[in-house]
Structures are given as structure tokens and as C-alpha cells.
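# Everything below, folded, please.
(chains A and B)
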There are 2 protein chains.
Amino acid sequence: MAVAYDGTAYCGFQTQPGKNTIQDKIEEALRMLTGEEIRIIGSGRTDSGVHARGQVFNFYTQSSIPIERWCLALNSRLPEDIVVYKAKEVSPEFHARKSAKRKTYRYTIANSKFADVMRRKYQYHHPRELNVEAMRAGLQQLIGEHDFTSFCSRKSVQLSHVRTIYDAFIETEPLTMPWADSSDRIIHVTITGNGFLYQMVRIIVGTLLEVGEGKRTAGEMAEILRAKDRLKAGPTAMPHGLMLWSVVYDEFHS
Amino acid sequence: MAVAYDGTAYCGFQTQPGKNTIQDKIEEALRMLTGEEIRIIGSGRTDSGVHARGQVFNFYTQSSIPIERWCLALNSRLPEDIVVYKAKEVSPEFHARKSAKRKTYRYTIANSKFADVMRRKYQYHHPRELNVEAMRAGLQQLIGEHDFTSFCSRKSVQLSHVRTIYDAFIETEPLTMPWADSSDRIIHVTITGNGFLYQMVRIIVGTLLEVGEGKRTAGEMAEILRAKDRLKAGPTAMPHGLMLWSVVYDEFHS
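Next up, the predicted model:
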């Protein structure tokens, strides 16, 4: 299934003892609908406050509910900040995390004097000027297979920090709101890879923001990679600007 | 001053005893900033849950703060769902309500199978099909000077219900989200007039939705106007789809 959610009110996607998570809400809705105790498998965790446009999860069920009825039946049992929008029966080997071929995240920055009140929970507001060309040059250096230890939380428990970034780009759009100055714009940082480490996108963006502010050069991104040291990279960008954009599989995509 | 706000958490713009309002928050910020007990004058009230992109208010102050500093100084004292973005010194005769020349409201309908979780507080979700051409034909009949008693809450205390609608139109935009069917779309109903009665836009939209659903014909809009009877019109549409878009004056606009 594919699910979109507003992560504002949740302690991330994945179940944690004593915490309010999106997984818990989905499993509760599945229990109400089917009467079964179903454990879902997500494509990966998203941090507290991070949103998803295209998170994917799978599960096993005995239910005879026809596939086309699942979304509406679940949505009527889910809170309004979680919407399941795609359901497909897949092969028994399908595993939302292990079978994922590529994942895309998008981080959005409101580079504007005033924050947009209606988008404030989905954009990081950065009023100071940013050099987007320098950010682009910095981001390009991360494309390919690398050890991303420098761009990974030190809390990571992964054995390997080697990941491949297939594509990474920055788009800007003008602000059409009445409070916009001519220099105001929205900046989207989109990164596609075979997998992402804990806080990897947020640390990449936090470092790119320093490049954009002129505190670092674009060329430093390659040096930071080589150092394999989290302390060499910039701060972890705020979670609310981040969105899990899509996950692609051989037999499904969000 | 021009102010944008997310109305979700508030009991409308205008101060009411014992209620949490946007006016209270602005007056509190003005008191913190200037030390003066300032009473602001808004262009008009907005209902509980209604948003504003371009609300306007004025006030009198002894403060010597330069005009270009007011917005940032106030925003740092306002909650994050209220943003003041334009400040101008105007003539002493200026009155945000009485001097307003025209006001524009926009109502947004997500006419889609699934609600957009990230926009759910700013769009009314209507999953059933709507005939937008019929809605357009119905809306056109309201343009001009009319007695809008049928499209006004019976709680209104206005002496006259005659208002002029200068312009009213419906725009649609396709939904680009992964959950969108090809027939899904966003519908914006934009209405500009010299003033609006209590719940007038929401009752117009609630009636147009019945036209769009085929429960009424477009031609009935003119009959409803003539009846001058609130019971002839449709229900009051939900507040969260409504946004005070802009207010225009001779010496200021939002």
C-alpha cells in the first residue's frame, strides 16, 4: 500500500514503545477492519515530524476484502492526517524495505522574508539569502556510490554506510504570495538513492544550507564525504521540511 | 497592515469575550512591542476556522518605531500561524472596514477521491463528481448589485443586505499528487465584492455545491436571490476551505 501522511503530530513512522507513531495508527485501523493483529512492514522509518507523500508498506492478511475497497475502508478508520491511496496484491516475497529499488526524498526551503503561514509545517523557513548555484555544485558531488558516514547520525546501527545516490537536483519556484519580495523563492532539494541512512537527507541539506550561506564552499562536500566523520558535516536540518516523496519497486511504486 | 493567518486554531478574527481570536493575538503583540493598549480595526471579521492571505487592519500609535521595522518586530511576538507582512502609514481618516473598496474571498474544493493530507486544513474535500460548468453558470447570476438576504446567516444584524459582486469566477487545476485519478481536480471559487454579509461566501459555495451535484439547476441561483429567504439557499459550506484573499483601498492593498 502507498500512504501519505502529515508527520507533524507523530513520533515518526515506526512503532516505538510509548510513542505515537504512524505505524501504530495503521495497524490499529487494520485491526478494526479485519479483526486480525497485523504487523506492517514499512519501506523505512521516517523521523519525528517528517512527512510522506509516498511511503509504502506491506502486510499479510487472511481477509477476503476485495483489493479495490481497502483504501476507503482503511481511511474511514484512520485519522485525517494519514491517507492510504494505493493498494495492490503483491507476491509473497515482497518486502517493503528489502525489495525497494529506489527511494526519493524532497526537502523544501522557503527562502523568503516572511514564512508562508499555510505551508509553515511543510517548509523550512530560511529568510537569509542563499546561493543556489553553489548548493547545486555541492549536491552534485554526492551523486554515485559513496560511504556516507559523514552524512549519517552517529546513532546509526547500520553495518555499512555505503549507499548510492542516483540523482540529486535543486529546483526553485517563485513565490506568488502578496508578501513575497522579488528575491523570495521556494527551493526544493530532491535526492533519489538506493537507500538512506539515519538523518542522511537532513544532514546533507543542513550542510548545503551552509554552502548556500557562503560558510562553506561547494568543493567541501567531497572532502566531507572522504573524512567519514559526522563532525565534518553541517547540522541536521529541521524535520518539517522533509518529505518521503516516493518509493519504487519492481512490482509497485508509490 | 496586511496579515496572513491560518485560522484553524482560532475563533475567528474579531475579539469575542472568552474566545481565542486573531485580533487578541495581534493586540497582545502590539502591547508587548509598544507598551500601548492599542485597539486594532480589521477590514471585517472572518469566522472561526476561516483563513486569510490578505486581511487588513489599522490602528493609531504614538510609537516612533520606523515603518519598515514593524512587520519583523510584530512577527517575533506573534504565534507562527499569524504573519504580518505589510505596513504603511496611512491618513488619519483611514478605516480598515469603512474605507475598503473591494474585498476578495477564495473558496477551495478538493474534488478528488482522496484528500490531500498536507492541504486538508485549507481545502474542503468533496470526493463526489461536480459539474463545474453548471456551478459557473450559477455563480454568474450573482454578479451585480443584489439583496443577498438568501445568502446571509439569519444571525446577521446588518440593516441592509444589498451588496455588489464585481467579479466571480471558478478556476480548476489538475491534481498532480500520486493519489490523483485523471478526473480529480482542485476547484477555486473566487468572489470580489464591495462587502460581504455574515457567512455569505460560505452559503453561496454551499448552494453552488448542490448545483455541481445536480441537486439544483444553475438557474435556481437567481430564484434564490429573489426569494430573500435564507431557507431557499443551500447549507453553509465548511469554514476551512475559505480564505480572505485580499482587500483593496485607495491608499493601501493587501
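# What residues does the stretch 151-254 of chain A have near chain B?
A:177-179, A:246, A:254 (Cβ under 8 Å from any Cβ of the partner chain). Every residue, glycine included, has its C-beta placed from N, CA and C.
# biggest separation within those residues, which pair?
Taking Cβ to Cβ as the measure, these reach their widest spread between A:P178 and A:S254, a distance of 34.6 Å.
# Of these two, which one has the most company?
More neighbours sit around A:S254 than around the other of A:P178 and A:S254, counting by other Cβ atoms under 10 Å in any protein chain shown; the figures are 25 against 16.
# gap between the more buried one and A:M118?
Here the distance between A:S254 and A:M118 works out to 25 Å (Cβ to Cβ, to the nearest Å).
# cool, A:L231 as well?
If you go by Cβ to Cβ, the gap between A:L231 and A:M118 works out to 37 Å.
# Same question for A:A9.
With the distance defined as Cβ to Cβ, A:A9 ends up 17 Å from A:M118.
# out of these two, which sits in the busier spot?
When neighbours are counted by other Cβ under 10 Å, A:M118 comes out ahead of the other of A:A9 and A:M118, with 22 against 15.
# Let's verify the more buried one: helix, strand, or coil?
Following DSSP: H, G, I helix; E, B strand; the rest coil, A:M118 is assigned to helix.
# Let me know the helix or strand that the residue located most distally from the centre of chain A is in.
When each C-alpha in chain A is compared with the mean C-alpha position (Cα atoms, centre = their mean), A:S64 comes out farthest, at 32.7 Å. For A:S64, there is no helix or strand it lies in under DSSP states H and E.
# And it, its phi and psi?
phi -100, psi 10 (degrees, to the nearest 10).
# ok, now how distant is it from chain B?
Here A:S64 is placed at a distance of 23 Å from chain B (Cβ to the nearest Cβ, to the nearest Å).
# for that residue, what are its contacts?
By Cβ atoms under 8 Å, 6 or more residues apart in numbering or on different chains, no residues touch A:S64.
# go on, the one 5 residues further on?
Remark: with contacts taken as Cβ under 8 Å, 6+ apart, A:R69 is in contact with nothing.
# same thing but 10 Å
Residues in contact with A:R69, defined by Cβ atoms under 10 Å, 6 or more residues apart in numbering or on different chains, are A:33, A:87.
# Kindly report the same for the one 3 residues further on.
Applying Cβ under 10 Å, 6+ apart to A:L72 gives the contacts A:84-85, A:87, B:113-114, B:127.
# Can you tell me how far it is from B:T46?
According to Cβ to Cβ, A:L72 stands 33 Å off from B:T46.
# next one: A:F114
19 Å.
# Which positions in the longest strand along chain A come out as buried?
The single longest strand within chain A, with elements called by DSSP state E, is strand A:162-174. Going by neighbour count (16 or more other Cβ atoms under 10 Å in any protein chain shown), the buried part of strand A:162-174 is A:163, A:165, A:168, A:170.
# Then stretch A:181-197?
Along stretch A:181-197, the positions that meet the burial threshold by neighbour count (16+ other Cβ under 10 Å) are A:184-193, A:195-197.
# how far out from the middle of the chain is it?
11 Å (Cα atoms, centre = their mean, to the nearest Å).
# and the end-to-end length of it?
Its first and final residues considered, stretch A:181-197 spans 37 Å by Cα to Cα, to the nearest Å.
# A:R120 touches B:D81, doesn't it?
Yes - using Cβ atoms under 10 Å, A:R120 makes contact with B:D81 at a distance of 7.3 Å.
# Counting neighbours, go ahead and name the busier of the two.
B:D81 (20 against 16).
# Just the buried residues of the helix or strand that A:R226 is a member of, please?
Secondary structure assigned from DSSP H and E places A:R226 in helix A:220-227. Neighbour-count burial for helix A:220-227 flags A:220-221, A:224-225 (criterion: 16+ other Cβ under 10 Å).
# cool, stretch A:244-254 as well?
Neighbour-count burial for stretch A:244-254, counted by 16+ other Cβ under 10 Å, picks out A:244-249, A:252-254.
# Keep only those of those that are in strands.
In strands, defined here by DSSP E, the members of those are A:244-248.
# which one among those residues gets closest to B:L139?
For those, the nearest to B:L139 is A:W245 (36.4 Å; Cβ to Cβ).
# Quick check: closest non-adjacent residue to that closest one.
Spatial nearest neighbour of A:W245, excluding adjacent residues (Cβ to Cβ, 6 or more residues apart in numbering or on different chains): A:T104 at 4.1 Å.
# Tell me how many other residues crowd that neighbour.
22.
# what's the angle between the host helix or strand of it and strand A:162-174?
Taking DSSP H and E as the criterion, A:T104 maps to strand A:102-111. Orientation check (axes from the mean of the first three to the mean of the last three Cα atoms, to 10 degrees): strand A:102-111 against strand A:162-174 gives 40 degrees.
# So the next helix or strand after strand A:102-111, near chain B or not?
Elements were assigned by DSSP H and E; along the chain past strand A:102-111, the next helix or strand is strand A:124-125. Yes - in this structure, strand A:124-125 sits against chain B according to Cβ under 10 Å from any Cβ of the partner chain; the contacting residues are A:H125.
# how about whichever helix or strand comes after strand A:124-125: buried residues?
For strand A:124-125, the succeeding helix or strand toward the C-terminus, using DSSP H and E, is helix A:132-140. With burial defined by 16+ other Cβ under 10 Å, the residues of helix A:132-140 counted as buried are A:132, A:134-136, A:138-140.
# how close does A:I65 sit to chain B?
Applying Cβ to the nearest Cβ, the value for A:I65 to chain B is 18 Å.
# How about A:I143?
Relative to chain B, A:I143 is positioned 24 Å away (criterion: Cβ to the nearest Cβ).
# rewinding a little: farthest-separated two in the buried residues of helix A:220-227?
A:E220 and A:L225 (9.6 Å).
# Residues that sit against both of those two, list them.
The overlap between the contact sets of A:E220 and A:L225 (Cβ under 10 Å, 6+ apart) consists of A:141, A:232-233.
# possible to save these as TSV with pLDDT and neighbour count?
Compiled in TSV, the shared contacts of A:E220 and A:L225 are given as follows (pLDDT from 0 to 100; neighbours: other Cβ atoms under 10 Å in any protein chain shown):
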residue	pLDDT	neighbour count
A:Q141	97	18
A:K232	98	16
A:A233	98	23
